[in-house]
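Student: Sequence first, then the predicted structure:
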Amino acid sequence: MIPTVTIDGVPDPIPEGLVVLDVREPVEWQHGHIEGAIHMPMATVPVRHAEIPDAQVLVVCRVGGRSAQAVMWLQQQGHEVVNLDGGMLEWAAAGRPMVSETGQPPQVV
């Protein structure tokens, strides 16, 4: 079973000690992401997972499918991970803060 949390279960602001891991592609990240998140595109997780801090990790993607796959794999590697159901679309819909690398207002693409 994949540990999952809805947006209502994620404290606002993100508490100290909770790491956010964003597994979306670079173009998605550039348009809008959670400030302070670690960006690790899905395809790079198997080779980069040692970079993930030893902490509780909230894994996000656009809607929750890729992050669910990442959570399954990371769990098998011993990481304490949980999937955000609804992903960044739910994050944005809830009015949670995001930042952008494009110079434009952040958005989920």
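Tutor: Received it, and whenever you're ready, just let me know what you need.

Student: Who are the packing partners of the longest helix seen in the chain?
Tutor: Ranked by residue count and defined by DSSP state H, the top helix of the chain is helix 65-76. Based on contacts counted as 3 or more Cβ pairs under 8 Å, 6 or more residues apart in numbering; DSSP states H and E, the elements that helix 65-76 packs against are helix 45-48, strand 56-60, strand 80-84. Bear in mind the C-beta positions are built from the backbone N, C-alpha and C, glycine included.

Student: Just checking: what are the partner strands of the last one?
Tutor: Neighbouring strands of strand 80-84 in its sheet, by DSSP bridges, are strand 4-5 (parallel), strand 56-60 (parallel).

Student: Give the rounded mean pLDDT of the helix or strand just after that strand.
Tutor: Next in sequence after strand 80-84, counting helices and strands by DSSP states H and E, comes helix 87-93. Taken as a whole, helix 87-93 has a mean pLDDT of 98.
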